[in-house]
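Student: Coordinates only, no sequence provided:
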């Protein structure tokens, strides 16, 4: 039976990932192998590296003894997963990842919790987002539960690399790249998924340090119809030069403002929250909506979820008082006006690396808007949310979000 | 003397590239080595590959015996250029190119011209654009003339790979990638520039074949404040999925429409031209302006330059008649109205691979807009411009644009 490209089902970005795949050009429909944990091959290193002292760790500079690698081809599907000694990739210079940015990644952390267990924090969110990213740039999808299974085995093998100290963790970096060896631009016929792990210290080893932002209007991080909602490499390289420009002006990061209204979108590579105080004394926690320009961050979702539980009375968080939680557009003039009127409570970014990063100043329209920060570098809402999230990550607060990898 | 980041000169995207570099964090200003052709090291292959018959060539599938590689570090500047046997790159899995799309490329062609010489077409344009791309994503700049020098030596070494047949050429692909082995997001402290070469046949071996386009409004290729004007990898991966969608609807490529006005921007990965006929019988050749969303294509510039020479009387091209040449915004409703009124002469894309690619149909707003095409698959303006450009590339028409590599 003839098979027309036109009859392919049109999958939306949140479509369920199917195990059924189509072989291009063959006229047949077939089911190819997905990632299969039962086929995992483990090749242990014969020369383990020395584990550096925790106090010397710099983010993402040191990697553990092993990595996970799973190759894919359009003809054969996903090959057997392999855990092997950490080492270089050997790739043809024509591989599409080098030319067309056919790459995406995830970031999550493994913790040694207060009970001595090894845990992950909401890893299902990373698996789902990784599949959405892959779909958006025509890289292959996979069974997220199967990847998580073999990823846990990697973590167990290298669990002695997880620093024990408070605030430390093992940063897990899954990557998916196109490896087709032709320089035409098309969905790659081959790809490589790999995972590397890096022991990291706390983002703020000496207490919270609020950052100064440059309200950036001459460059955009994302646009309507673009790819800002996906964790693909293409969203990151273009942000490095604007960050250099901000640094030259004396700011730490970009506050990405969009459009002539100067809508707040993200800060650096983090999601963004603003807290307003209303006339009745209640707080409003605001973050930009998932309109296609905003990355659906795991920490963003955790903050929203906890704050809404507090607002509904299902959960009682200290110091939050009466709270409304809204995903809505917020502009820089609104922030400035609230700051001037004393109605701005605080602003902070959220992300896996720092969890919460508070903001004390925004260069905007030729002047600095000063954002309130308390003596410990935080504010009432960020402090309360940070405490709850860290408690759940470290196991001090029992939570379904904490997934045990090793007892 | 203390050196503040604030005192760094702010370079615009078209700023002259200086040989003076700054060492970050050292407080000193120093001049590091640029690319130096005198230091070129040539390691020839001991096992040359068989050269495939020209009729079997598929675009970008086969590569010549040698490649050029030049590494850079922030501490040492550009290392000695090396021509070595074509072979794989060995890169740490933490290299930033795999995570954050720190990659850019160029595309140009070497021709065996009608006099038997090996030539390049306006390669200075590619060197200048490659430096602008590098600056935009915080990769290192270099002396474009020096890169062109060593690139010519690579072409001379592999010149027997240039197919002799009409319409054939050697496609040259320079690439620059970030190779820093840490997963923080910053300007990379190390990078690799390399060049590979692929013998290619004519884009349309059996005569011109006009393409049908999908007027794409739900995805954008570029946006104001974005990176559409740079030839960086990040502009390409996001276009693959929309192209798949267009193919599923029965179209070959995306016509990227921007904004609620549906401004025409580019077609697939080519620049775009529209020809209108005015009431006085004259033609207007229109292309979108370089407003930051449009790649400054070499073929685009050649088409504009030739058409303007014709319009001014400096050059006489056949069949063009009275012509005005404008870089201006053009919307899809304007194109549709002109097509319905019989005032649309033709539409075509331009790029290095196909030179000119004509368009016969645009799916827009639920209907197909039919674009005029003559029996040979071209129109009066595209045919005349294509003939002139190919004449200059093949040496049949003497031109300063043709740069001799080998007599």
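Tutor: Everything's here; your move. Computed from a predicted model, the values in this text were never measured in an experiment.
Student: Tell me how many other residues crowd the closest residue to residue A:210 other than its chain neighbours.
Tutor: If you skip the residues right next to it in sequence, residue A:210 has residue A:360 as its closest partner in space, 3.7 Å away by Cβ to Cβ, 6 or more residues apart in numbering or on different chains. (C-beta placed from N, C-alpha, C; glycine too.) Using other Cβ atoms under 10 Å in any protein chain shown as the criterion, residue A:360 is surrounded by 17 other residues.
Student: ok but residue A:317 is inside a strand, no?
Tutor: No: under DSSP: H, G, I helix; E, B strand; the rest coil, residue A:317 falls outside any strand and is assigned coil.
Student: circling back: help me confirm that the residue nearest to residue A:210 comes into contact with residue A:370.
Tutor: Yes: proximity of residue A:360 to residue A:370 meets the contact threshold set by Cβ atoms under 8 Å, at 7.2 Å.
Student: The host helix or strand of the residue nearest to residue A:210: partners in the sheet, and parallel or antiparallel?
Tutor: In this structure, residue A:360 is located in strand A:355-364 according to DSSP states H and E. The strands beside strand A:355-364 in its sheet (DSSP bridges) come out as strand A:211-216 (parallel), strand A:344-351 (antiparallel), strand A:367-370 (antiparallel).
Student: is the closest residue to residue A:33 other than its chain neighbours in a bridge, and if so with what?
Tutor: Excluding the flanking residues, the one nearest residue A:33 by Cβ to Cβ, 6+ apart is residue A:77, at 4.1 Å. For residue A:77, the residues forming beta bridges with it (DSSP bridges) are residue A:73.
Student: the strands in the stretch 51-200 of chain A, which residues?
Tutor: Assigned by DSSP state E, counting those that start in this stretch, the stretch 51-200 of chain A shows strands spanning A:66-73, A:77-78, A:82-85, A:89-91, A:103-105, A:108-112, A:118-121, A:169-178, A:190-200.
Student: So is the fifth one next to chain B?
Tutor: Yes: contact of strand A:103-105 with chain B is found when judged by Cβ under 8 Å from any Cβ of the partner chain, involving A:103, A:105.
Student: for the stretch 1-150 of chain A, what are the low-confidence residue spans?
Tutor: For the stretch 1-150 of chain A, applying pLDDT under 70 flags the ranges A:1-30.
Student: Around chain B, pick out the residues from it.
Tutor: By the rule Cβ under 8 Å from any Cβ, the part of the stretch 1-150 of chain A lying against chain B is A:5-6, A:8, A:10, A:58-61, A:63, A:67, A:86-94, A:97-103, A:105, A:135-138.
Student: out of these, which are buried?
Tutor: The neighbour-count test (16 or more other Cβ atoms under 10 Å in any protein chain shown) marks A:60-61, A:63, A:67, A:86, A:89, A:91-94, A:97-103, A:105, A:135-138 as buried among those.
Student: Narrow those to those in helices?
Tutor: Secondary structure defined by DSSP state H assigns A:97-100, A:135-136 of these to helices.
Student: Can you pick out the most distant pair from these?
Tutor: Taking Cβ to Cβ, the two most distant members of these are A:98 and A:135; they sit 21.9 Å apart.
Student: so what's the closest residue to residue A:264 other than its chain neighbours scoring on pLDDT?
Tutor: Counting by Cβ to Cβ, 6+ apart, residue A:330 is the residue found nearest to residue A:264 once chain neighbours are left out, at 5.2 Å. We note a pLDDT of 98 for residue A:330 in this prediction.
Student: ok, residue A:311 touching residue A:324?
Tutor: Yes: counting by Cβ under 8 Å, residue A:311 touches residue A:324, with 6.3 Å between them.
Student: And those two? Which one has more around it.
Tutor: The residue with the greater number of neighbours, taking residue A:311 and residue A:324 and applying other Cβ under 10 Å, is residue A:311; the counts read 18 against 14.
Student: Give me the distance between the more buried one and residue A:358.
Tutor: As defined by Cβ to Cβ, to the nearest Å, residue A:311 lies at a distance of 21 Å from residue A:358.
Student: could the strands paired with strand A:355-364 go into TSV alongside mean neighbour count and mean pLDDT?
Tutor: Written out in TSV, the entries for those read as follows (neighbours: other Cβ atoms under 10 Å in any protein chain shown; pLDDT from 0 to 100):
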stretch	mean neighbour count	mean pLDDT
strand A:211-216	23	98
strand A:344-351	25	98
strand A:367-370	15	98
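Student: Domain ranges for chain A, per the record?
Tutor: The record, using automatic domain parsing to delimit domains, assigns chain A the ranges A:12-200, A:211-395.
Student: Mind putting these into a markdown table with distance to residue B:179?
Tutor: Formatted as a markdown table, the domains of chain A follow (distance: least, Cβ to Cβ, whole Å):
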| stretch | distance to residue B:179 |
| --- | --- |
| domain A:12-200 | 11 |
| domain A:211-395 | 13 |
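Student: wait, which of those is closest to residue B:349?
Tutor: For the domains of chain A, proximity to residue B:349 was assessed by Cβ to Cβ; domain A:12-200 is nearest, at 13.9 Å.
Student: For chain B, state which of the ones in helices among the buried ones among the residues of the stretch 1-150 of chain A next to chain B is nearest.
Tutor: Proximity of these to chain B was ranked by Cβ to the nearest Cβ; the top entry is residue A:100 with 3.8 Å.
Student: what about stretch A:36-51, start to end distance?
Tutor: Chord length of stretch A:36-51, first to last residue, is 31 Å (Cα to Cα, to the nearest Å).
Student: The stretch 201-350 of chain A against chain B: which residues are in contact?
Tutor: A:217-220, A:223-227, A:232-241, A:243-245, A:247-250, A:269.
Student: Contacts only, for residue A:124.
Tutor: Neighbour list for residue A:124: A:144-145, A:148, A:403 [criterion: Cβ atoms under 8 Å, 6 or more residues apart in numbering or on different chains].
Student: Inside helices: which ones of those?
Tutor: A:144-145, A:148.
Student: Without its sequence neighbours, what residue ends up closest to the residue most central in space within chain A?
Tutor: Closest residue to the average C-alpha location of chain A: residue A:107 at 5.0 Å, with Cα atoms, centre = their mean. In space, residue A:107 comes closest to residue A:352 once its chain neighbours are excluded; the distance is 4.8 Å by Cβ to Cβ, 6+ apart.
Student: what do you get for residue A:329?
Tutor: The nearest residue in space to residue A:329 (Cβ to Cβ, 6+ apart) is residue A:263, at 5.5 Å.
Student: follow-up on the earlier one: ok, the residue nearest to the centre of chain A to residue A:225 distance?
Tutor: Counting by Cβ to Cβ, the gap between residue A:107 and residue A:225 amounts to 26 Å.
Student: Kindly report the same for residue A:204.
Tutor: When Cβ to Cβ is applied, the distance between residue A:204 and residue A:225 equals 36 Å.
Student: More neighbours: the two, which one.
Tutor: Between residue A:204 and residue A:225, residue A:225 has the larger neighbour count (other Cβ under 10 Å), namely 22 against 16.
Student: Mind telling me what element the more buried one is part of?
Tutor: Following DSSP H and E, there is no helix or strand that holds residue A:225.
Student: check contacts around it.
Tutor: Under the criterion of Cβ under 8 Å, 6+ apart, the contact partners of residue A:225 comprise A:292, B:217-220, B:223.
Student: Alright, that wraps it up for me.
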